[in-house]
Every structure is written in structure tokens, then in C-alpha cells.
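1. Below is the sequence, then the predicted model.
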Amino acid sequence: MTEEIRKGLAGVVVDTTAISKVNPDTNSLLYRGYPVQELAEKCTFEEVAYLLWHGELPTPVQLEEFQQLERSLRRLDARTKRIIDELPTTAHPMDVVRTAVSVIGAVDPDAAASDPASNLTKAVRLFAQLPAIIAYDQRRRREQELVEPRDDLGYSANFLHMTFGEVPDLVVVNAFDVSMILYAEHSFNASTFTARVVTSTLSDLYSAVTAAIGALKGPLHGGANEAVMHVFDEIGTADKAEAWLDAALAEKRKIMGFGHRVYKNGDSRVPTMKAALDTLVAEYNRPDMAELYETLEAAMDARKGIKPNLDYPSGPAYNLIGFDTLTFTPLFVASRIVGWTAHIMEQLESNALIRPLSAYNGPDERHV
Ligand SMILES: CC(=O)SCCNC(=O)CCNC(=O)[C@H](O)C(C)(C)COP(=O)(O)OP(=O)(O)OC[C@H]1O[C@@H](n2cnc3c(N)ncnc32)[C@H](O)[C@@H]1OP(=O)(O)O
Ligand SMILES: O=C([O-])CC(=O)C(=O)O
């Protein structure tokens, strides 16, 4: 038998999904049929989360009910806070988030229940709790006290309030909300596929999410938004970008924030996130950031023809908002929790154990 091996499952279609459609030919991304750009312009992250989980945008009554539920679940419980406090500040914030989700799973008496209603309850709980975990972790690293959530604020305004102790201008809240919408879902990316693999063994949602966080951490996936900022810090100013890039390419380095497994002519989400970044550049009066961004992008295009992915504009956007660089990938978690949990529920609707084959290339049979 000749076996065709597709390293990294590149180009392999492994299942169907009704959650999102990534189309590199038209450079489009649909969530449940809606173009993501339209959702970013007209909806809040809460509405998009509801859409991804339920398949339809909420009616005003459904939205009100969902918002009330989400606001009621925002507070970090004492046990989770204690366990975060136990972790050294040398731990990467992704490890803190992964541990916190694991703790929430371990103390949930209903952890093993995997019917759709139980899983949706868990998904909403994680959605509501992650901002508190991430905000508190950044604050404790800065030796600041925990800030309690405000029930009168929407998701993004409250997230920023809990992180920085104040609600920034609307333009900042909106840019952050757009980033949450754009990060929420992207079909069978590595972390979502990880969540589906774990779910396919009939393990529980918390285990699948914990594994997905581990997959997202890597710099070839979600870790790239953090890595982009390290690149910006390394380069310094726009006038040094070309020389830096030539040296990095000569060393065969992968340039973080560029390239994509599926999109080969640019990531459908980048123009929307770049526009959000531009509003932040104006708000914080940081044209130098835009100049560095654009110079490196143009140089990469000229030398390799490789375009930016979503992590490229998101990294500097989160920097301008004031997040610590190490907190960037946890922000991706806060958003992608929606996509992961939607996929976990979809996997369970028609489950098949995910177990591919391998072609053995070790020694022929031999004996001791
Ligand atoms: C939200 C997200 O998770 S998006 C992805 C975020 N990740 C990054 O930004 C990390 C940097 N990018 C990369 O490493 C890659 O582009 C990936 C992992 C995202 C996609 O990789 P693949 O689809 O496997 O493409 P592959 O690595 O085979 O690249 C094809 C060619 O382009 C080159 N290439 C791709 N991306 C880059 C890059 N960022 N910098 C330099 N060269 C690159 C490869 O070296 C390869 O060249 P070769 O054919 O001469 O060997
Ligand atoms: O789709 C991918 O491979 C990576 C990505 O852009 C995402 O997860 O948002």
C-alpha cells in the first residue's frame, strides 16, 4: 500500500463544520454565514459569542438574558484567586490561564456532564471568568490589587476596567471589542483541532479547553501576537526595519505575525484589525508604531511576498492599550474560548474518535 503523507495535515479535510467558513480564494471569513467584517462593524463581542454558540444572532430579549447571565458570573471566586496567587510571577501568563481553567474544571461538580446544556453553561462560565483571571494576573504582576467587575459595563469595557482600574475612551473599548470578535473563531486551526481531538475521546470540556490553551501558546499559532511585540521591540524604529528583516531572513528566522497555513494572499481579518490599530495610533498619538508596522509589512512583501496574519496588527494594538506583552496570548484565549467551546459541542453532536494513521519508518522487526 502506498501511503500519502500530508505533513501537518496540510490540505487535509478532516470533518465538516457549520461554525465558520475560511475561504482563502475570496479572502473571506464567515461566522455562521455572516462576514466577520460586518459583525465587527455592527455587533458586540457578546452578540458574536451568542451567534457562534447558538447559530443565530440574539433577539433583544435573548441578548439581555445572556448579558445578565454573563455579568452574574464575572467575579473571580476566592479559590481560583488563591491558586493564582500561589503561582510565581515568573510563570508565563498562558500557564496561569491554563492552570486557572483546570482549577475551575476540578471544582465544578458537574465537570463530567457533557450534554449540550451543561456544556453551554460551562462555556458561558469560562467566557465570563477569563477576563477576571487575565486582568488579575496582569495586575498582580504589577503589584496592584484585584479590581472587581462592574455590572453596568459591557464585556470589553469591563475587561479593560478590571485590568487598568478605569474604563478607557470608547475608541479604545471599540478597538478591543473588534479584536475579540476577530479572534473568536477560525475553523480547524491547531488549538481548535486539539480541543476536538480531546473531545473525541469523550473527555470533558475543561480538559479540551486546557489542551487547546497549550496548543495556542506556541509562537506558530496564538503565541505570535506576543512574539510580534518582541520583534517590534528588537527592531526599535522604522528606519531599522529593513536591515533587521534582511538579517533575520539571512538567519532563516520565521518572521512572527507573517504567513498563514490557509491564507496565502493575506488574512481576511487583517484590514479590519489594522483599521482598529489605526484608531489606537491616533488616540495615543503614536505614528511611530504605524510607521514601523507599515515599513516591516512592505519590506516582508517585497522580499518574500508573505502577508501579515491577524497577530501582526493585534500585538501592537494590545501594546498601545497598555497590556503587558506576555498578556497578549491570554487575550486570544479570552476570545477563542467561544470558538473552542462551539467546536467541542459540534464534535459531540456527531462524534468519531480522532485517530489518524502513521507510516512506520523505524527498524525492521528484530529480536532481543
Ligand atoms: C492567528 C494565528 O495563529 S496565525 C499564525 C501565527 N503564526 C505566526 O505568525 C508565525 C510565523 N509564521 C509561520 O511560521 C508560518 O507562516 C505558519 C506556521 C503560520 C504557516 O506555516 P505553513 O503553512 O506550514 O507554511 P510554511 O512554513 O511551509 O511556509 C512556506 C514557505 O514560506 C516561508 N514562510 C512562511 N511564513 C514565514 C514567516 N513568517 N517568515 C519567514 N518565512 C516564512 C517558509 O519558510 C517556507 O519557505 P520555503 O518554502 O522556502 O521553505
Ligand atoms: O487558522 C489558523 O491556522 C490560525 C489562525 O489564524 C487562527 O486560529 O485564528
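-> Right, received. Where do you want to start? Residues are numbered from 1 along each chain as shown. Ligands and ions are numbered 1, 2, ... in the order given.
2. Could you verify my assumption that Leu277 touches Gly315?
-> No: taking C-beta atoms under 8 Å as the definition, Leu277 is not a contact partner of Gly315, at 9.4 Å. (C-beta placed from N, C-alpha, C; glycine too.)
3. do you know how far Val171 is from ligand 2?
-> Using C-beta to the nearest ligand atom, to the nearest Å, Val171 is found at 24 Å from ligand 2.
4. Could you pull up the mean pLDDT of the helix or strand harbouring that residue?
-> In this assignment (DSSP states H and E), Val171 forms part of helix 170-183. Across helix 170-183, pLDDT averages out at 98.
5. Show me the contact partners of the following helix or strand past that helix.
-> Next along the chain after helix 170-183, taking DSSP H and E as the criterion, comes helix 190-200. With contact meaning C-beta atoms under 8 Å, 6 or more residues apart in numbering, helix 190-200 is reached by 14-15, 185-186, 188, 205, 207-209, 211-216, 218, 220-222, 336, 339-340, 343-344, 347-348, 351-354.
6. what kind of secondary structure is Lys21 in?
-> strand (DSSP: H, G, I helix; E, B strand; the rest coil).
7. any idea how far ligand 1 is from it?
-> Lys21 sits 17 Å away from ligand 1, going by C-beta to the nearest ligand atom.
8. Tell me how many other residues surround that residue.
-> 14 (other C-beta atoms under 10 Å).
9. got the contact list for it?
-> Ser28, Leu29, Leu30, Gly33, Ser187.
10. could you redo these as JSON lines and give each row distance to Gly322?
-> JSON lines is the format used below for these (distance: C-beta to C-beta, whole Å):
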{"residue": "Ser28", "distance to Gly322": "32"}
{"residue": "Leu29", "distance to Gly322": "28"}
{"residue": "Leu30", "distance to Gly322": "32"}
{"residue": "Gly33", "distance to Gly322": "35"}
{"residue": "Ser187", "distance to Gly322": "31"}
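11. So which of those residues are in strands?
-> With DSSP state E as the criterion, strands contain Ser28, Leu29, Leu30 from among these.
12. residues touching the last one, list them.
-> Applying C-beta under 8 Å, 6+ apart to Leu30 gives the contacts Ser20, Lys21, Asn23, Val36.
13. With adjacent residues omitted, what lies nearest to the last one?
-> Using C-beta to C-beta, 6 or more residues apart in numbering and skipping residues adjacent in sequence, the residue nearest Val36 is Leu29, 4.6 Å away.
14. Quick check: that neighbour touching Glu38?
-> No: assessed by C-beta under 8 Å, Leu29 is found out of contact with Glu38, at 10.7 Å.
15. Which one of those two is surrounded by more residues?
-> With neighbours defined as other C-beta under 10 Å, Leu29 and Glu38 compare such that Leu29 has more, 26 against 12.
16. So Pro356 lies in a strand, does it not?
-> No: counting by three-state DSSP, Pro356 is not found in a strand; it is coil.
17. List the residues that contact it.
-> Leu9.
18. repeat for Tyr293
-> Listed by C-beta under 8 Å, 6+ apart, the contact partners of Tyr293 are Lys274, Leu277, Tyr312, Pro313, Pro316.
19. Let's have these in JSON lines, adding pLDDT and neighbour count.
-> Listed next are those as JSON lines, based on pLDDT from 0 to 100; neighbours: other C-beta atoms under 10 Å:
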{"residue": "Lys274", "pLDDT": "98", "neighbour count": "21"}
{"residue": "Leu277", "pLDDT": "98", "neighbour count": "27"}
{"residue": "Tyr312", "pLDDT": "98", "neighbour count": "29"}
{"residue": "Pro313", "pLDDT": "98", "neighbour count": "29"}
{"residue": "Pro316", "pLDDT": "98", "neighbour count": "25"}
